[in-house]
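>>> Give the three-dimensional model of this entry:
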Amino acid sequence: MKYVVLLGDGMSDEPIEELGGKTPLEHAETPNMDRLAREGECGLAHTVAEGFHPGSDVANLSVFGYDPALCYSGRSPLEAASMGIELAPEDVAFRLNLVTLTPNYGKLYMDDFSAGHITTEEANELVNCLQNELGGDEFNFYPGVSYRHLMVWKNGRDKLEFVPPHDISDQPIDGHLPKGDGADELISLMTSAQMLFSQHPVNTSRESERKLPANSIWLWGHGRAPRMEPMTERFGISGGAVISAVDLIKGIGIYAGLEVINVPGATGYIDTNYKGKADAALEALKQGDFVYLHVEAPDEAAHSGSLEDKLQAIESFDRDVVGRVLDGLPALGDFRVVVLPDHPTPVERKTHTADPVPFAMFSSDGSISGSSRSYSESEAAASGLVVNPGHLLMSRLIGR
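The predicted model follows:
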């Protein structure tokens, strides 16, 4: 039996007046996900454990089948694993966003949490500048992809509170800066970065092209290295792979003992290589039992407040990932597949919520059945099927 998770990050949403009171999932053309809901089962999964912030880290850990209450230590250690950075027990990792802050009436506002989706090449110049000027024995800066990067604080402190930058889009940053033991050092780093970036050639070039400058860093998502049992032992699978453009998801996969497959053209945005990811998944399933295929695009579109982009991302995911994988799976033998988001990202809120997410699960052997008409939040709720806590969904898929 082959087991496949197809995850459209942040796909679920809330009713939108512009769509006649429908959600993007209800409005979009999604014949392949609808088929899974009709021929399999459709329900709700509580992927955000009670008491946790509705982040992609906690939610994806749940979908992978891990109880965040037992293994979650922060987002950044997972990203560090993907980037090949080994953390000593006393080290604390931090997610480092390159962001655009804009002054208005004496306050600084979070204009863009992605610095206009800065290119990886431009971003790496800025992060290397941070390392050259501010890095050393205590703090070290590691370039990642686009606006997503990492900082490690050697012998660092972790009794801190942060606000993710995408939670405060278009809001003043006052009151949202780091708090707790060690916050002053981190705020000082952020201020120093602003001075370094103010006249950096990358930003002067971007501004001349009327692009948003990456004029600050934003630190959040901190933690120490977690301990996780490999999925081969936890669920008895022979091997598996994770496919994503996002370091967080790759890092979870590494801790879960999965092979990371990097797909050319995978960007984490609406221009990602959907078909390439689907083809890579099918190829990986020739060798192993399990694939976790993650697409970031719907979430990024929702954080940007673009309904048009979110609808496009959902339809591309359905057509070029779900449909393409379903077409190729029968040649590999019996299979089970589940499609779902990790958490809702309502496009009008531009941030995550902790509401349960709709899932559709199908088995080629006919062992799973339901009565839903289509794949959507309302159909999932009407089914009466609820998986809570959400980390039990993986056991439902694999049958352990």
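>>> Work out which residue lies at the spatial centre of this protein.
residue 56 (4.7 Å; C-alpha atoms, centre = their mean).
>>> residues contacting it?
Contact partners of residue 56, counting by C-beta atoms under 8 Å, 6 or more residues apart in numbering, are 9, 75, 246, 248-249, 299, 342-343, 352. Bear in mind the C-beta positions are built from the backbone N, C-alpha and C, glycine included.
>>> the strands in the stretch 101-250 of the chain, which residues?
Using DSSP state E, counting those that start in this stretch, the strands of the stretch 101-250 of the chain run over 107-112, 139-145, 148-153, 160-161, 179-180, 216-223, 240-243.
>>> Now do the first one against strand 216-223, angle only.
Meaning strand 107-112. Orientation note: strand 107-112 sits at an angle of 70 degrees relative to strand 216-223 (axes from the mean of the first three to the mean of the last three C-alpha atoms, to 10 degrees).
>>> Can you show me the CA trace of strand 107-112 as PDB?
Listed next in PDB are the C-alpha coordinates belonging to strand 107-112 (Å, rounded to 0.1, in the frame of the first residue of the first chain):
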ATOM      1  CA  LYS A 107       5.300  54.900  13.800                       C
ATOM      2  CA  LEU A 108       6.800  52.000  11.900                       C
ATOM      3  CA  TYR A 109       4.300  49.700  10.100                       C
ATOM      4  CA  MET A 110       4.700  46.200   8.900                       C
ATOM      5  CA  ASP A 111       4.300  47.000   5.200                       C
ATOM      6  CA  ASP A 112       5.300  43.600   3.800                       C
END
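>>> tell me the mean pLDDT over that strand?
Strand 107-112 carries an average pLDDT of 96.
>>> Show me which parts of it are buried, residue by residue.
108-112 (16 or more other C-beta atoms under 10 Å).
>>> will you turn the residues you listed into TSV that also has distance to residue 237?
Putting the buried residues of strand 107-112 into TSV (distance: C-beta to C-beta, whole Å) gives the following:
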residue	distance to residue 237
108	48
109	47
110	41
111	44
112	40
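>>> Nearest to residue 132, out of the strands of the stretch 101-250 of the chain?
strand 139-145 (9.1 Å; C-beta to C-beta).
>>> Show me which positions of the closest one end up buried.
139-145.
>>> Can you show me the helices along the stretch 101-250 of the chain?
Along the stretch 101-250 of the chain, counting by DSSP state H, counting those that start in this stretch, helices occupy 120-134, 183-197, 201-208, 231-235, 247-255.
>>> any idea which of these is most buried?
Comparing these by mean neighbour count (mean count of other C-beta atoms under 10 Å), helix 247-255 ranks first with a mean of 25.
>>> average pLDDT across the helix or strand just after it?
Reading on from helix 247-255 to the C-terminus, the next helix or strand found by DSSP states H and E is strand 259-261. The pLDDT scores in strand 259-261 average 97.
>>> what about the strands of the stretch 101-250 of the chain, which gets the closest to residue 67?
strand 216-223 (16.2 Å).
>>> Partner strands of that closest one and their direction?
strand 92-104 (antiparallel) (DSSP bridges).
>>> Quick one: mean pLDDT over the strand it pairs with.
pLDDT averaged over strand 92-104 gives 96.
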